[in-house]
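Student: the sequence and its predicted three-dimensional model are supplied below.
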Amino acid sequence: MKSILFTGGGSAGHVTVNLALIPKFIEDGWKVDYIGSVDGIERRLIEPLEGVTYHPIATGKLRRYFDWRNAKDPFKVVKGVMQAYRLIRRLKPNVVFSKGGFVSVPVVLGARMNKTPILIHESDLTPGLANRIAMPFATGICTTFPETSQYIKAGSTEVRHVGAVIREEIRQGDAQRGRAFCDLNASKPVLLIMGGSLGARAINSAVRAALPELTRRFYIVHLCGKGGIDPSIENSSYRQYEYVQEQLPDVLAMTDIVITRAGSNSIYEFLSLQLPMLLIPLSKRQSRGDQLLNAASFKEAGYAQVLEEEQLSAETLVAEVTKLYDERHTYRYTMRRHAQQDALSSVYGWIGGIAKP
Ligand SMILES: CC(=O)N[C@H]1[C@@H](OP(=O)(O)OP(=O)(O)OC[C@H]2O[C@@H](n3ccc(=O)[nH]c3=O)[C@H](O)[C@@H]2O)O[C@H](CO)[C@@H](O)[C@@H]1O
């Protein structure tokens, strides 16, 4: 029996592609293991899956800012590498698939020490820190955006632009089920707000300040992230959830337009469903600036409007949403012409191709 080891975590964005691939490997009779962190979102999303064994290891976060924990973390990373090395030596996977996030670095190093072939996947336009560290040890690198290869240092590792790997169920939603889940009837268009898997405080407060205006025209479904719910709001056209998992495809099926961060997986999911989007990317102050580039690429292609967080207020939000809704047909037309690559099959095939016999 062939066996594959997945890794990746820290945010849902680093797990989504794995969630899309895992069922295919299980279906084809592979043994599937996953190395993630002790308390990251990946544990919550992966551990309950049937057919996957989850192995938690120690992780040190690679922070770009000063924090006393930075002094302790190198020791955790070394511990994580030793744990990953031993696990891989015992599990003997034929191949490792790494989605990035800080938990993936020790796994890639441990796999390299065990001479296990490694395929890396990058969702964002520019590679994240964990993937940049891991790339020299990989057999191949899959990219989502066509522009990404120019940000990867030439070396012996093969880079392929495979496109966005999208979970099959994303396109299998049902609008009626979505409306029943949210308890909304069909009398107004639906505006979905998704502040990234970790929520977005700035977006949440701007939306709430604009609520009276926005709900005059729309039903609002607000995915506000952990701890983001405001129980004091009473508005019959407003529904709030921290995070929606199995019902997300149904919610997407009833959605007309979206306000979102510019996380790569989310925006490609919306593109695949031709949902016009207003992107409010994380700024350079809050991140390495990858979402600004993701957003600029989508704006350039005509798939999205962009509102920078510095300009975000209740007034600008209402103005941008109104414009987006009025121009929705143009956006949909442009998005329909986006050629969808079958990234899921390409990645699946490539993994099979590099797996040790
Ligand atoms: C703060 C941060 O570090 N953000 C990064 C993180 O974002 P984040 O984790 O938000 O990642 P993405 O937007 O790429 O993906 C979020 C995933 O979670 C799913 N989802 C979200 C909300 C919900 O209620 N239910 C649900 O299922 C979405 O459908 C999507 O598949 O990874 C992305 C991909 O590397 C990066 O582009 C982002 O910059």
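Tutor: Arrived safely, thanks for sending. Residues are numbered from 1 along each chain as shown.

Student: who touches the nearest residue to Gln83 once chain neighbours are set aside in this structure?
Tutor: Sequence neighbours aside, Ile57 is the residue nearest to Gln83 in space, at 4.2 Å (criterion: Cβ to Cβ, 6 or more residues apart in numbering). C-beta coordinates here come from the backbone N, C-alpha and C atoms, glycine included. Applying Cβ atoms under 8 Å, 6 or more residues apart in numbering, we find Ile57 in contact with 35-38, 79-80, 83-84, 87, 103, 106-107.

Student: mind doing that once more with 6 Å?
Tutor: Contacts for Ile57 (Cβ atoms under 6 Å, 6 or more residues apart in numbering) come out as 35, 80, 83-84.

Student: for those, which one is nearest Asp326?
Tutor: Ile35 (47.7 Å; Cβ to Cβ).

Student: distance of the closest one relative to the ligand?
Tutor: 18 Å (Cβ to the nearest ligand atom, to the nearest Å).

Student: who does the helix or strand where that residue lies pair up with?
Tutor: Using DSSP states H and E, the element containing Ile35 is strand 31-37. Strand pairing for strand 31-37, using DSSP bridges, gives strand 3-7 (parallel), strand 52-57 (parallel).

Student: neighbours around the closest residue to the ligand within the stretch 201-350 of the chain, how many?
Tutor: Across the stretch 201-350 of the chain, no residue is closer to the ligand than Gly263, which sits at 2.0 Å (Cβ to the nearest ligand atom). Residues contacting Gly263 under the criterion other Cβ atoms under 10 Å number 26.

Student: would you agree it is in contact with Gly13?
Tutor: Yes: counting by Cβ atoms under 6 Å, Gly263 touches Gly13, with 5.0 Å between them.

Student: for the closest residue in space to Gln305 that isn't next to it in sequence, grab phi and psi.
Tutor: In this structure, Gln305 finds its nearest non-sequential neighbour in Leu278, 4.9 Å apart by Cβ to Cβ, 6+ apart. Main-chain dihedrals, Leu278, degrees, to the nearest 10: phi -100, psi 120.

Student: tell me what Leu278 is bridged to.
Tutor: With DSSP bridges as the rule, Leu278 is bridged to Ile259, Gln305.

Student: ok so, going back, what separates the residue nearest to Gln83 from Asp73, distance-wise?
Tutor: 14 Å (Cβ to Cβ, to the nearest Å).

Student: give the residue spans of the stretch 101-250 of the chain that score low on pLDDT.
Tutor: 154, 197-199 (pLDDT under 70).

Student: again, 80 this time
Tutor: 154-156, 196-199 (pLDDT under 80).

Student: which residues of it lie near the ligand?
Tutor: 123-124, 194, 196-198, 223, 243-245, 248 (Cβ under 6 Å from any ligand atom).

Student: looking at those, which is nearest Val165?
Tutor: Ser123 (8.4 Å).

Student: OK, contacts around that closest one?
Tutor: 144, 264-265.

Student: among those residues, who's most crowded?
Tutor: Top of these by neighbour count (other Cβ under 10 Å): Asn265, with 26 neighbours.

Student: just checking, it touches Val15?
Tutor: No: the pair Asn265 / Val15 is not scored as a contact, 9.1 Å apart, by Cβ under 6 Å.

Student: mind listing the helices for the stretch 251-357 of the chain?
Tutor: Secondary structure of the stretch 251-357 of the chain (DSSP state H, counting those that start in this stretch): helices at 264-272, 290-301, 314-326, 328-336, 343-354.

Student: now the ones you listed in a markdown table, with mean pLDDT and distance to Leu45?
Tutor: A markdown table is the format used below for those (pLDDT from 0 to 100; distance: least, Cβ to Cβ, whole Å):
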| stretch | mean pLDDT | distance to Leu45 |
| --- | --- | --- |
| helix 264-272 | 96 | 13 |
| helix 290-301 | 96 | 21 |
| helix 314-326 | 98 | 30 |
| helix 328-336 | 96 | 28 |
| helix 343-354 | 97 | 18 |
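
Student: so how far is Ser264 from Leu282?
Tutor: Counting by Cβ to Cβ - Leu282 and Ser264 are separated by 12 Å.

Student: and if you look at Ala180?
Tutor: 30 Å.

Student: next: Gly80.
Tutor: For Gly80, the distance to Ser264 - Cβ to Cβ - is 25 Å.

Student: now do Ile152
Tutor: 16 Å.

Student: just Thr255 next, same as before
Tutor: 19 Å.

Student: buried set for stretch 106-114?
Tutor: If you call a residue buried by 16 or more other Cβ atoms under 10 Å, then stretch 106-114 has these buried ones: 106-112, 114.

Student: Three-state assignment for His222, please.
Tutor: Secondary structure assignment for His222 (DSSP: H, G, I helix; E, B strand; the rest coil): strand.

Student: my read: Gln274 touches Met335, true?
Tutor: Yes: Gln274 is within contact range of Met335, at 4.3 Å (criterion: Cβ under 6 Å).
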